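Asks: need a 3D model of the sequence below.
(chains A, B, C, D, E and F)
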4 protein chains.
Amino acid sequence: MTGPASSPATSAGTRAERRREQVRREILEAAFECFAEQGYHHTGIADIAARLGMGHGTFYRYFANKRDIVDHVITDVIDRILQALSAENAAGAAATLADYEAQSERIGRALARILGEDPRLARLLLFDAPAVDDALRERVLDFLETAVTLTGGYLSHGIAAGYLRADLDVEATARGINGMILGTVIAAQRDPAAASQERMSRAVRRLMYDGIAARG
Amino acid sequence: MTGPASSPATSAGTRAERRREQVRREILEAAFECFAEQGYHHTGIADIAARLGMGHGTFYRYFANKRDIVDHVITDVIDRILQALSAENAAGAAATLADYEAQSERIGRALARILGEDPRLARLLLFDAPAVDDALRERVLDFLETAVTLTGGYLSHGIAAGYLRADLDVEATARGINGMILGTVIAAQRDPAAASQERMSRAVRRLMYDGIAARG
Amino acid sequence: MTGPASSPATSAGTRAERRREQVRREILEAAFECFAEQGYHHTGIADIAARLGMGHGTFYRYFANKRDIVDHVITDVIDRILQALSAENAAGAAATLADYEAQSERIGRALARILGEDPRLARLLLFDAPAVDDALRERVLDFLETAVTLTGGYLSHGIAAGYLRADLDVEATARGINGMILGTVIAAQRDPAAASQERMSRAVRRLMYDGIAARG
Amino acid sequence: MTGPASSPATSAGTRAERRREQVRREILEAAFECFAEQGYHHTGIADIAARLGMGHGTFYRYFANKRDIVDHVITDVIDRILQALSAENAAGAAATLADYEAQSERIGRALARILGEDPRLARLLLFDAPAVDDALRERVLDFLETAVTLTGGYLSHGIAAGYLRADLDVEATARGINGMILGTVIAAQRDPAAASQERMSRAVRRLMYDGIAARG
DNA sequence: CATGAATGAGCCTTCATTCAT
DNA sequence: TATGAATGAAGGCTCATTCAT
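Replies: Reported below is the predicted structural model:
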């Protein structure tokens, strides 16, 4: 229910191939749960197999090794987040500031839904994956960078459309905005109350549009 | 009588005690380096000892076990950051918005100095420590929460002093601001160029005071 | 269908279960030998595994740890001795002094057989197990106490049947008798010659029935 | 108070030598206590030194190594027991059965005093020393054999004097008698109540002189 | 294809012993 | 002579991975 589940094409191929694909996804799901709940290093292959009631030797028929599966799990997590984002994006659709605000709101909600619904997602991505090894840490950083690029794209579009300040340092501002989202996500690790997401969303919007200074 | 009076008493106590304290710090430092470079789980006690050219048994004369030292290392990292913050704080000293901006600027610089100077600090704190175990992840979250409280204190003071909007959601806003700092710190993992810090600082300030919207 | 029906079902269960039980017993046996020959503390898990030509990791598939197996080994030793005793017991069957003597004789022979046959049994139980830790020493003392209780039972029966002195201090006398057996067993550590057992048996019988004093 | 303390010649030699000898004895005493309370293998050199408040390096100025001191401790224990025995022996003094009984009684009391007073003595000798290594186990067996020889000497004397049965198997009977003493000593490990010693003494005497059979 | 028994590299930790001070 | 810091051999235990069934 809450684990990773992407690739819409569940079909394709022989019945055996479909079966194989299904087992793969089950293992992926179980691995996600183990990693997210106990951490990568505290999870044994046997734990993953046990969760599915299968022999742990079977695991190696579907994934090369432990490192391999964590890679796939993280890929899935990232994909799910990116999908949540792109589902509500409509790239450069916002034509006015109001549009932009509404779009930001939708994106925020989508993120809140997916990440708030299952705090293990963020925990795994932010707190476990980077510690696995250099390569995986880089992948997480890449993802964050991608998110910055995405946000930057929206900002650039807004500037072109004239409803955002022309003198914005797009990249730096995008980093700032994404940082606020990151802060929200991390805060949700402690207090996953959805309400908090509402508050955060409002506060961030106020900050971005009104500034924090008192009107002189 | 007891030898030439040299070494300007780095700490108190006997010569032996000072020596002991120095070795302790060396081990702490070596452990920090190992953890930061290879990660906690890929670091063996032997690695730490080898880095100092000492027998690994010696390690256990100074620290109870591997878990013990990572705790001390993280404590040190957090302390260093908090000191960098408190050095420039002057709690509620800012009387005007200009003061506040200046103070924020100083704090930002201090952070940039300590974290930008040695990117391993942030890497260890954010990307390695949380994966060690639940307790350490909680400590890191505690630290972030402390930072939010600190920022919130500044905001509250600013509201009381009248130079910040009275209707700010202090906690949520503080989370947003700290998130931007976090985004900056994480960005520095990739590009530690000090210049980037400058840019980020400016962009964040613009965002906070002017908003991102074009002036209508 | 599932292979030729051979191996006359040493125990119940699947073939795998029988195999597992067999390996368990082999490890138990190897451990017994190692402990008895080199002592508990001088025996490494690797020694036990090496004796069976298996990887030492395999050991841990069958026993939780070193302490666990020594417990099982001692349990086995105690069980073997108790079985030797109970095989010849017939609880309170002896109706006359002659019966009683004959029964004692049989019990003595059974003990001599099992303990004399393999002096390592006694060595392990008396000279190694008590040094493992407090709990195991208590188990050995418990066993000796059980033996005293057993002997006491025979004495009580003999008193009730009228062929033993009514004024015997049952418990104390049982301790004395068991002590003599213990002395015999320990003597066998040095000279395992079966003849010695005969001599001891006779001497003890003489002592118990005739006393050591010259007939005045 | 309760530890090993032999060699009557506390004097002899320089003052420095006497001092040295005193420290040696203190270490021996502390080692006895540690070994008896925690067992040989659970005792570290550091424990012994700590008990005396001295540096553990100092230990090696008085004893070659851990194995060396346990040897001395056991030697001391054995010496103390043998002294307790020889103090009351008067070799072949008993001229009548009554004399012999009285002498046995005295010896029993002496043993009860020294072993009952400090159960750690027996525990160390019987339950720890034999597990140290082959050599020490042999020494303990040697001691038991010596005790048998001693008892055998008394029996031989009694036979020669005519108050003991001429047809006794001296050695075997001596083993039996010593076994009863051993049983008593081991029983005292559980219930060190001195009264029990009285009971045991009486029961053993009854057994040896009257036999256990009812008088027909 | 599924299984789980076997494997051994690897790592933490202890502690007897040495030796410079 | 006393000290305790340093050392590293030794050993218990885990777990990812392989492979025969």
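Asks: where does chain A dip in pLDDT?
Replies: By pLDDT under 70, the weakly predicted segments of chain A are A:1-12, A:88-92, A:194-195, A:215-216.
Asks: and the helices in chain A?
Replies: Shown for chain A, the helices assigned by DSSP state H span residues A:15-38, A:45-52, A:56-62, A:66-87, A:97-111, A:117, A:119-122, A:129-132, A:134-161, A:170-190, A:194-210.
Asks: got TSV for those, with distance to DNA strand F too?
Replies: Backbone N, C-alpha and C define where each C-beta goes, glycine included. TSV is the format used below for the helices of chain A (distance: least, Cβ to the nearest atom of the strand, whole Å):
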stretch	distance to DNA strand F
helix A:15-38	10
helix A:45-52	4
helix A:56-62	4
helix A:66-87	4
helix A:97-111	32
helix A:117	28
helix A:119-122	19
helix A:129-132	12
helix A:134-161	14
helix A:170-190	25
helix A:194-210	35
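Asks: next, the distance between the ends of stretch A:128-142.
Replies: Criterion Cα to Cα, to the nearest Å; first-to-last residue distance in stretch A:128-142 is 16 Å.
Asks: compare the helices of chain A and give me the one nearest B:Leu164.
Replies: Closest of the helices of chain A to B:Leu164 is helix A:194-210, at 11.2 Å (criterion: Cβ to Cβ).
Asks: hmm, A:Ala112 is touching A:Arg199, no?
Replies: No. The criterion here is Cβ atoms under 8 Å, and A:Ala112 misses it with A:Arg199 at 11.1 Å.
Asks: the two: which has the busier surroundings?
Replies: A count of neighbours by other Cβ atoms under 10 Å in any protein chain shown puts A:Ala112 above the other of A:Ala112 and A:Arg199, at 21 against 17.
Asks: name the nearest residue to A:Arg175, sequence neighbours excluded.
Replies: Taking Cβ to Cβ, 6 or more residues apart in numbering or on different chains, and ignoring the residues beside it in sequence, A:Arg175 has B:Gly183 as its nearest neighbour in space, at 4.8 Å.
Asks: identify the residues contacting that neighbour.
Replies: By Cβ atoms under 8 Å, 6 or more residues apart in numbering or on different chains, the contact list for B:Gly183 reads A:Arg175, A:Gly176, A:Asn178, A:Gly179, A:Met180, A:Leu182, B:Met200.
Asks: OK, contacts around the closest residue to A:Ala46 other than its chain neighbours?
Replies: Using Cβ to Cβ, 6+ apart and skipping residues adjacent in sequence, the residue nearest A:Ala46 is A:His56, 4.6 Å away. Contact analysis of A:His56 by Cβ under 8 Å, 6+ apart lists A:Ile45, A:Ala46, A:Ile48, A:Ala49, A:Ala50.
Asks: can we see that at 10 Å?
Replies: Each residue near A:His56 by Cβ atoms under 10 Å, 6 or more residues apart in numbering or on different chains is listed here: A:Gly44, A:Ile45, A:Ala46, A:Asp47, A:Ile48, A:Ala49, A:Ala50.
Asks: tell me the residues of chain A that contact DNA strand E?
Replies: Residues of chain A lying near DNA strand E by Cβ under 7 Å from any atom of the strand: A:Ala16, A:Arg20, A:Val23, A:Met54, A:Gly55, A:His56, A:Gly57, A:Thr58, A:Tyr60, A:Arg61.
Asks: from what I see, the fifth one and A:Ile48 are in contact.
Replies: No. Using Cβ atoms under 10 Å, A:Gly55 is not in contact with A:Ile48, being 11.4 Å away.
Asks: more neighbours, these two?
Replies: Using other Cβ under 10 Å as the criterion, A:Gly55 and A:Ile48 rank with A:Ile48 on top: 25 against 11.
Asks: give the contact list for the more buried one.
Replies: A:26-35, A:54, A:56, A:59, A:63, A:66, A:69.
Asks: and it, how close does it get to A:His56?
Replies: As for A:Ile48, its distance to A:His56 is 8 Å (criterion: Cβ to Cβ, to the nearest Å).
Asks: dump the residue contacts of the residue of chain A found nearest chain C.
Replies: For chain A and chain C, the shortest gap (Cβ to the nearest Cβ) falls at A:Ala46, measuring 12.0 Å. Applying Cβ under 10 Å, 6+ apart, one finds that A:Ala46 lies in contact with A:Gly55, A:His56, A:Phe59.
Asks: also A:Ser196?
Replies: Neighbouring residues of A:Ser196 by Cβ under 10 Å, 6+ apart: A:Ala112, A:Gly116, A:Thr184, A:Ala187, A:Ala188, A:Arg190, B:Glu171, B:Ala172, B:Arg175.
Asks: related to what we said a few turns ago, in JSON lines: the helices of chain A, plus distance to B:Leu85.
Replies: Shown next, in JSON lines, are the helices of chain A (distance: least, Cβ to Cβ, whole Å):
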{"stretch": "helix A:15-38", "distance to B:Leu85": "32"}
{"stretch": "helix A:45-52", "distance to B:Leu85": "40"}
{"stretch": "helix A:56-62", "distance to B:Leu85": "46"}
{"stretch": "helix A:66-87", "distance to B:Leu85": "31"}
{"stretch": "helix A:97-111", "distance to B:Leu85": "29"}
{"stretch": "helix A:117", "distance to B:Leu85": "34"}
{"stretch": "helix A:119-122", "distance to B:Leu85": "25"}
{"stretch": "helix A:129-132", "distance to B:Leu85": "24"}
{"stretch": "helix A:134-161", "distance to B:Leu85": "24"}
{"stretch": "helix A:170-190", "distance to B:Leu85": "17"}
{"stretch": "helix A:194-210", "distance to B:Leu85": "21"}
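Asks: widest-spaced pair of the residues of chain A next to DNA strand E?
Replies: Using Cβ to Cβ, the pair of the residues of chain A next to DNA strand E lying farthest apart is A:Ala16 and A:His56, separated by 22.1 Å.
Asks: who touches the most centrally placed residue in chain A in this structure?
Replies: What sits nearest the mean C-alpha location of chain A, by Cα atoms, centre = their mean, is A:Ile81, with 3.3 Å. Counting by Cβ under 10 Å, 6+ apart, A:Ile81 makes contact with A:Ala110, A:Leu111, A:Ile114, A:Leu115, A:Leu121, A:Ala122, A:Leu125, A:Phe143, A:Thr146, A:Ala147, A:Val185.
Asks: with A:Leu115 as the reference, measure out to it.
Replies: 7 Å.
Asks: intersection of neighbour lists for these two?
Replies: A:Leu121, A:Ala122, A:Leu125, A:Val185.
Asks: closest one of the residues you listed to A:Arg165?
Replies: Closest to A:Arg165, out of all of the shared contacts of A:Ile81 and A:Leu115 and judged by Cβ to Cβ, is A:Val185, at 26.5 Å.
Asks: excluding sequence neighbours, find me the nearest residue to that closest one.
Replies: Nearest to A:Val185 is A:Ala122, by Cβ to Cβ, 6+ apart, at 5.0 Å.
Asks: surely A:Asp68 touches A:Tyr62?
Replies: Yes. Between A:Asp68 and A:Tyr62 there is a contact under Cβ under 10 Å: 9.4 Å.
Asks: domain parsing for chain A?
Replies: Following automatic domain parsing, one gets these domains for chain A: A:15-63, A:70-210.
Asks: nearest to DNA strand E: which residue in chain A?
Replies: Going by Cβ to the nearest atom of the strand, DNA strand E is nearest to A:Gly57 of chain A, at 1.8 Å.
Asks: most surrounded residue in the contacts of B:Gly183?
Replies: Counting neighbours by other Cβ under 10 Å, the top entry in the contacts of B:Gly183 is A:Gly176, with 31 neighbours.
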